[in-house]
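**Q** Kindly generate the corresponding structure for this input.
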Amino acid sequence: MYGRGPRTMLNSFIVAPGLKGSFLFPIEMALKLVAQRADDWTQENIGCNRRMFWVLLCIRDSRLNQRQLSDALYIHPNVMVKLLDTMERKGYLKRVEQEDRRSYVIEPTKKGKLACQTALNSQGAYIKHVFEPLTEAQAKQIREWSCDILRMYNGVANLDDTNPT
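**A** Take a look at the predicted model:
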């Protein structure tokens, strides 16, 4: 969002009043704001951004390689390599060589496990920060609607059993 906060985002409607007629523009701006606030919270509380946190969630209980992580998180493989390089440099994960020397399984380090658990234990504060000024019930409703959309378009089953962080 190039350093733009919620108040300056509203300027888009002042500068370009035609945007008021767009159904999707405010939704997209809200999604960008939520992503920015999630990055702010994870950076401040566990020392990494939301994408790094998602990687930690993925490798917490699963043995995945770079390609599997890239596919699971819809992150371009080239971007995933850079993300994993950064996380490895910061001490959040390690690459473990497999029999096939071209394939590495990504595993969390103690630091990575601690960061992931810290975020999971602070879920209420995370939701409050990311979705402020909404109530927790409103934030959960947004998540529920998002899960409905994913179920309808992607055939994803059982999103209700997942951790909502």
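**Q** just so I have it, where are all the helices in the chain?
**A** 6-15, 25-46, 50-61, 66-73, 77-89, 110-121, 123-131, 136-154 (DSSP state H).
**Q** Output the below-cut-off pLDDT ranges for this structure.
**A** Filtered on pLDDT under 70, the chain yields the residue ranges 1-15, 101-102, 155-165.
**Q** at 90 what do you get?
**A** For the chain, the stretches flagged by pLDDT under 90 are 1-33, 97-103, 133, 136, 146-165.
**Q** I figured Pro77 hits Ser70, correct?
**A** Yes. Using Cβ atoms under 8 Å, Pro77 is in contact with Ser70, at 4.7 Å. Quick note: C-beta positions are derived from backbone N, CA and C, even for glycine.
**Q** do you know how far the nearest residue to Tyr104 once chain neighbours are set aside is from Ala30?
**A** Once flanking residues are discounted, Tyr104 sits nearest to Arg95: 3.9 Å by Cβ to Cβ, 6 or more residues apart in numbering. Distance of Arg95 to Ala30, given as Cβ to Cβ, to the nearest Å: 36 Å.
**Q** what's near enough to touch the residue most central in space within the chain?
**A** Closest to where the C-alpha atoms of the chain average out (Cα atoms, centre = their mean) is Arg50, at 4.1 Å. Arg50 sits next to 35, 38-39, 42 when contact means Cβ atoms under 8 Å, 6 or more residues apart in numbering.
**Q** Look up the closest residue to it, ignoring the ones flanking it.
**A** Ala38 (4.3 Å).
**Q** so the one you found makes contact with Val130?
**A** Yes. Counting by Cβ under 8 Å, Ala38 does reach Val130; the two are 5.0 Å apart.
**Q** re the thing from before, let me know the closest of the contacts of Arg50 to Arg89.
**A** Proximity of the contacts of Arg50 to Arg89 was ranked by Cβ to Cβ; the top entry is Thr42 with 17.3 Å.
**Q** Could you check how far that closest one is from Glu99?
**A** 34 Å.
**Q** More neighbours: which of the two?
**A** Thr42 (26 against 5; other Cβ atoms under 10 Å).
**Q** Contacts only, for the more buried one.
**A** Thr42 touches 48-50, 52-53, 119, 126, counting by Cβ under 8 Å, 6+ apart.
**Q** Distance to Thr135 added to those, as CSV?
**A** Shown next, in CSV, are the contacts of Thr42 (distance: Cβ to Cβ, whole Å):
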residue, distance to Thr135
Cys48, 27
Asn49, 26
Arg50, 22
Met52, 28
Phe53, 23
Ala119, 21
Tyr126, 15
